[in-house]
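J.: Quick check, what structure comes out for this input:
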Amino acid sequence: MNRLLVALLSAVDAVIAAAVGVAAALAPLTVFWVLGFGGSADWGALWPAAVRVWQLGHFVPLHLVLGDEYLAAAGIPAEASRFVLSLAPLGFAAFTAVFAARSGARAARAGAWIVGVASGTVVAAAVAAGLWATSAGTVALVYGWQSLLLPVLVFALPALGGAVVGAWRHGDDGVVDGLRARVSGSPAWAPVPAAAGRALGVAVAGVVGVGALLVAVALVLRGGEVIALYEAAHVDALGATVVTLGQLAYLPTLVVWGAAFAAGPGFAVGAGTAVSPAGTSLGVVPGIPLLGIIPETVSPWMLLLALAIVAVGFLAGWAGRARLVRDGSVRRSAPRLVVLAAVAVLGGAGAALLAVCASGAIGPERLAAVGPAAGPVAFAVGLELAVGAAIALFSPARARRDAEDEPAPVAEPAAPGSAALAPAAPPDDAETRPFPPTGPRFPHDEP
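T.: Numbering: from 1, shown residues only. All right, here's what the predicted structure looks like:
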C-alpha cells in the first residue's frame, strides 16, 4: 500500500478515536441539558465539561476549585474546596488503546508501520492540543503538558505495540525482519518469541477475565445494596441515567480492582482502608451506587480466589508449551524457562500497569488514595502466574512415540546368502477354507 495512503488512514484513525471519546462524554450531557434545562442554558458550557471528562479518561488529573456559593449550598468545609480528581474512567482509555492497536496492526500489514504510527501520533498530539486550547474553564483546571502528553501516550504506545506485533507476523523488510532472522537462526529458539507472546497474552487476558467475573458475581450478590444507594441519592429517571452512564465508564476500573482482589493484595477506598480476601477495613465510603458491590466483610475462603490466577497461569503455560511442542523445542529446558519468565515477569509488570491506571484520587483528604497498590499486585500476580505456568511447562509429557520427533528405525542390510525378506506368515484358515455350498441344505446333510 502507498505510504501516503497509510499515513492518511492512520491520521483518520487518530481523529476518529478522539471524536468518538469526546462524543461519548458530550452526548449524555446534551441530553441532560435539553431535558433538564429546556435548552435555556448556554450549551457552549458543555464543551469544556465534555473535554475534561475525555481528558480524565486519558489519565489527565483534574484540579477542581469549588465556588463559595456551591460550598455554602452543599455544606462542604472551605478546606475541601480544592482537590484533585485523578481516578480515570478506563472505558475511554481502553477504547482509544484498542482502536490505536488496530490502526498500528493495519499499517504493519500494509508494510509501512513506522509511517503509520508516526502519522497517528502526530495527529493525536494535534487533536489533544486543540481540545486543550478550546476547553478553558474555571472549575476543572488541567496542566497543559499533561493534557498534551498523556492522551498521546494512550494512543501512541498501543499503536506501536500493534504495529510491532503485526510486523513480526507479516514481515516489514526492515528492523523487525532482521531481528526475526537472528532469532530464527537457531531452530531451538525460533518458536520462543511466538510462544512467549501467546502465553503472555493468555495470562493478561485471563487476569482481566477473572476480575470481570468477580465484578459480575458481586453485582448479582449485592444488587440490593446498589439499588439502595440509587434510592438514597433521590434522583429522577434522568439523573439515574446520567449516573449509570458515568459508572459504565468506570466499569473497567472496577474490573482491575476485582483482579487485584482475586490476586490477594486487594485495593483501598481511601487512606487507611483495605479491601482484600484477608480482611476488609472500610471507613465512610462515598455514596456512589456502584461502590455498593464492595463487601463489608469477607470470608477466609475467599483466599482461594488466588487459585483462579494460578489457573490462568496454567492456561498461559499450556498455550506456550503447545507452540513449543508444535515446533519441536519442548524437549529443551531453556526455551521453557524463557516462556516462564515472560509469563511471570511481564505478566506481573502488566498487572502493575493496570493497577497504576486504576488508582488515583476521587476527593480531598482520605479520598486522595483510592485503588490497588502497584507493587503488591505485581508481586502477587507474577508469583501466582509463575506457579501455574511452571506446572504446565515442566510437567512430564505422556509417554508416546512421536513420528516427527523420533526418526523411524532403519533396517540393517541383509547378510550375504541370507534371505532378503522374512518368510511370509502362513495364510489364515479362514481365508483358505473352501466356500460352503450355495445350494439349499437338507436335514440329511452334514452340518
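J.: From Leu385, how far out is the closest residue to Glu384 other than its chain neighbours?
T.: Excluding the flanking residues, the one nearest Glu384 by Cβ to Cβ, 6 or more residues apart in numbering is Ile309, at 4.0 Å. Using the backbone N, CA and C atoms, a C-beta is placed for each residue, glycine as well. Plainly put, Ile309 is 6 Å away from Leu385 if you go by Cβ to Cβ, to the nearest Å.
J.: between those two, who's got more neighbours?
T.: Taking neighbours as other Cβ atoms under 10 Å, Ile309 and Leu385 compare with Leu385 leading, 33 against 28.
J.: Could you check which helix or strand contains that one?
T.: Assessed by DSSP states H and E, Leu385 sits inside helix 374-394.
J.: how about that helix: buried residues?
T.: Neighbour counts using 16 or more other Cβ atoms under 10 Å place 374, 376-390, 392-393 of helix 374-394 among the buried residues.
J.: Show the contacting residues for Ala159.
T.: Contact analysis of Ala159 by Cβ atoms under 8 Å, 6 or more residues apart in numbering lists 10, 100-101, 103-104, 116-117, 120-121.
J.: Could you point out which residue ranges in the stretch 301-447 of the chain have low pLDDT?
T.: For the stretch 301-447 of the chain, the stretches with pLDDT under 70 are 327-331, 397-447.
J.: I'd assumed Leu64 was in contact with Ile76.
T.: No. The criterion here is Cβ atoms under 8 Å, and Ile76 misses it with Leu64 at 11.3 Å.
J.: These two: which has the busier surroundings?
T.: Neighbours were counted for Ile76 and for Leu64 using other Cβ under 10 Å; Leu64 has more, 16 against 13.
J.: who does the helix or strand containing the more buried one pair up with?
T.: For Leu64, the host element (DSSP H and E) is strand 62-65. Within its sheet, and counting by DSSP bridges, strand 62-65 is paired with strand 82-85 (antiparallel), strand 140-141 (antiparallel).
J.: rewinding a little: buried members of the contacts of Ala159 into ChimeraX, please.
T.: The following ChimeraX line selects those of those that are buried, judged by 16+ other Cβ under 10 Å:
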select :10,100,101,103,104,116,117,120,121
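J.: Might you specify the subset of the contacts of Ala159 located within helices?
T.: Members of those lying in helices (criterion: DSSP state H): 10, 100-101, 103-104, 116-117, 120-121.
J.: what's the neighbour count on Phe32?
T.: Number of residues near Phe32 (other Cβ under 10 Å) recorded here: 16.
J.: My read is that it contacts Leu245, right?
T.: No. Counting by Cβ under 8 Å, Phe32 sits too far from Leu245 to count as a contact (9.8 Å).
J.: Is it correct that Arg323 falls within a strand?
T.: No. Assigned with DSSP: H, G, I helix; E, B strand; the rest coil, Arg323 falls outside any strand and is helix.
J.: Which parts of the stretch 301-447 of the chain are strands?
T.: For the stretch 301-447 of the chain, the strands defined by DSSP state E, counting those that start in this stretch occupy 370-371.
J.: What segments of it are helices?
T.: All helices of the stretch 301-447 of the chain, identified by DSSP state H, counting those that start in this stretch, fall at 306-326, 333-341, 347-357, 374-394, 429-432.
J.: The stretch 51-200 of the chain too?
T.: With helices called from DSSP H, counting those that start in this stretch, the stretch 51-200 of the chain shows them at 68-74, 90-109, 113-133, 144-170, 175-184, 192-221.
J.: Next, the angle helix 347-357 makes with the second one.
T.: Using axes from the mean of the first three to the mean of the last three Cα atoms, to 10 degrees, the inter-axis angle of helix 90-109 relative to helix 347-357 is 130 degrees.
J.: elements contacting helix 90-109?
T.: The helices and strands touching helix 90-109, judged by 3 or more Cβ pairs under 8 Å, 6 or more residues apart in numbering; DSSP states H and E, are helix 3-37, helix 46-57, helix 113-133, helix 144-170, helix 237-249, helix 251-263.
J.: quick one on the thing from earlier: check the ones in helices among the contacts of Ala159 against Gln55 and report the nearest one.
T.: For the ones in helices among the contacts of Ala159, the residue nearest Gln55 by Cβ to Cβ is Ala100; the value is 16.7 Å.
J.: Buried residues in stretch 223-231, which are they?
T.: 225-226, 229-230.
J.: okay if I get the residues you listed as a markdown table plus secondary structure?
T.: What follows is those, written out as a markdown table (three-state DSSP):
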| residue | secondary structure |
| --- | --- |
| Glu225 | helix |
| Val226 | helix |
| Leu229 | helix |
| Tyr230 | helix |
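J.: Tell me if I'm right that Thr30 and Trp43 touch.
T.: Yes. Counting by Cβ under 8 Å, Thr30 touches Trp43, with 7.4 Å between them.
J.: per-residue confidence at the most centrally placed residue in the chain?
T.: Nearest to the mean C-alpha position of the chain, counting by Cα atoms, centre = their mean, stands Ala205 at 4.9 Å. We have a pLDDT of 95 for Ala205.
J.: For it, give its distance to Ala259.
T.: Taking Cβ to Cβ, one finds Ala205 at 11 Å from Ala259.
J.: still on that earlier bit, can I get the strand holding Leu64 in CSV, CA atoms only?
T.: The C-alpha trace of strand 62-65 is given here as CSV (Å, rounded to 0.1, in the frame of the first residue of the first chain):
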residue,chain,number,x,y,z
LEU,A,62,-8.4,17.5,37.1
HIS,A,63,-7.7,20.2,39.7
LEU,A,64,-11.2,21.1,41.0
VAL,A,65,-11.9,24.5,42.5
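J.: in that strand, what counts as buried?
T.: Neighbour-count burial for strand 62-65, counted by 16+ other Cβ under 10 Å, picks out 62, 64.
J.: Contacts only, for Ala228.
T.: Shown in contact with Ala228 (Cβ under 8 Å, 6+ apart): Gly292.
J.: In which helix or strand does it reside?
T.: Using DSSP H and E, the element containing Ala228 is helix 223-233.
J.: quick revisit: residues shared between the contacts of Ile309 and Leu385?
T.: With Cβ under 8 Å, 6+ apart, Ile309 and Leu385 have common neighbours Val207.
J.: residues near Val175, how many?
T.: As a burial measure, Val175 scores 12 neighbours (other Cβ under 10 Å).
J.: Report pLDDT for it.
T.: Note for Val175: predicted pLDDT of 79.
J.: Contact partners for it?
T.: By Cβ under 8 Å, 6+ apart, the contact list for Val175 is empty.
J.: Over to the one 5 residues further on?
T.: By Cβ under 8 Å, 6+ apart, the contact list for Arg180 reads 168, 171, 193.
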